[in-house]
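Peer 1: Give me a model of this one.
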Amino acid sequence: MVFLALLGVALAAERLSGMHRHRVGSARYIAFIAMFAAVAAVLMLFEIPLFFAPSFYKIDLSEISVLICSFYLGPVAGVICELVKVVIKLLLKGTTTAFVGDFANFCVGCAMILPASIFYHAKKSKSSAIFGMIAGTIVMSIFGGLFNGVYLLPKFAQLYGLPLDALIGMGTAVNASISSVSTLVLFAVVPFNILKGAIVSPLTFILYKRVEKFLHKLGGN
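Peer 2: Residues are numbered from 1 along each chain as shown. All right, here's what the predicted structure looks like:
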């Protein structure tokens, strides 16, 4: 249901704005999404722990590949790529969170991908790409914080049979200012997503044109 809702938003954005994306045949469209999703799934396997957040928060750079996909093929392709990325990762590694963490990765990833790609395709330029990724980072940080506080943290506590205070305590161990769900979100989750956006955005900006030229050679117009 969440996937269909996000897909609907992406499709509506493409149709209402009349955005121009690279036109490719159906076979290449599917192949490009699969290619970007496979790269993203591999990147998703490499998780980096952060000193300011509990150990269950680890950053990955898979959104670089998904962002490039959405910049090249549009928001709809970005949402599909985000889902396929998670599915491939599950096939490669499985889940350790009863799919809760994987669902969260998809939702929070789309919170960045959709605004960034919609802004970029509304008026293709370097400035719109930069503005879109800044907007995407802001949306991801706000949504990610709310999503963690309202759903994810309580769900993890329920999943592992732990009191919510135990998860908060893991945050307190790395930052004494963390003493509640709200402070855990404020001092760990929000900085986590801001840092992710701050890393993913410039790398995407640097890589996109190079990848775009390579895709042209493969037949993407």
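Peer 1: quick one, helices of this structure?
Peer 2: Using DSSP state H, the helices of the chain run over residues 2-17, 26-44, 63-73, 75-93, 100-122, 126-147, 153-159, 164-174, 181-184, 190-217.
Peer 1: just the ones you listed: most buried one?
Peer 2: helix 63-73 (a mean of 28; mean count of other C-beta atoms under 10 Å). To be clear about C-beta, it is placed using only N, CA and C from the backbone, and glycine gets the same treatment.
Peer 1: Quick one: residues contacting V108.
Peer 2: By C-beta atoms under 8 Å, 6 or more residues apart in numbering, V108 lies in contact with 140, 143-144, 147, 193.
Peer 1: Just send those back as JSON lines, with distance to E82 too.
Peer 2: Formatted as JSON lines, those follow (distance: C-beta to C-beta, whole Å):
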{"residue": "M140", "distance to E82": "12"}
{"residue": "F143", "distance to E82": "14"}
{"residue": "G144", "distance to E82": "14"}
{"residue": "F147", "distance to E82": "15"}
{"residue": "N193", "distance to E82": "15"}
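Peer 1: tell me which of those is nearest to S26?
Peer 2: Nearest to S26 among the contacts of V108 is M140, at 30.3 Å by C-beta to C-beta.
Peer 1: Now do the same contact list for that closest one.
Peer 2: M140 sits in contact with 108-109, 111-112, 193, 196-197, where contact means C-beta under 8 Å, 6+ apart.
Peer 1: make it 10 Å
Peer 2: Residues near M140 by C-beta atoms under 10 Å, 6 or more residues apart in numbering: 63, 107-116, 147, 190, 193-194, 196-197, 200.
Peer 1: For it, give its distance to G197.
Peer 2: Per C-beta to C-beta, to the nearest Å, M140 is found 6 Å from G197.
Peer 1: Need the overlap of contacts for these two.
Peer 2: When contacts are counted by C-beta under 10 Å, 6+ apart, M140 and G197 have 63, 112, 116 as shared neighbours.
Peer 1: Next one, pLDDT for the last one please.
Peer 2: Per-residue confidence for A116 comes out at a pLDDT of 95.
Peer 1: Show the average pLDDT along stretch 140-153.
Peer 2: Averaging pLDDT along stretch 140-153 gives 94.
Peer 1: Select, out of the helices of the chain, the one closest to L50.
Peer 2: Of all the helices of the chain, helix 190-217 sits nearest to L50, with 6.4 Å by C-beta to C-beta.
Peer 1: helices or strands up against the closest one?
Peer 2: Contacts defined by 3 or more C-beta pairs under 10 Å, 6 or more residues apart in numbering; DSSP states H and E place helix 190-217 against helix 26-44, strand 48-49, strand 58-59, helix 63-73, helix 100-122, helix 126-147.
Peer 1: Take these and lay them out in a markdown table including distance to L184.
Peer 2: Formatted as a markdown table, the helices and strands packed on helix 190-217 follow (distance: least, C-beta to C-beta, whole Å):
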| stretch | distance to L184 |
| --- | --- |
| helix 26-44 | 23 |
| strand 48-49 | 16 |
| strand 58-59 | 16 |
| helix 63-73 | 23 |
| helix 100-122 | 15 |
| helix 126-147 | 10 |
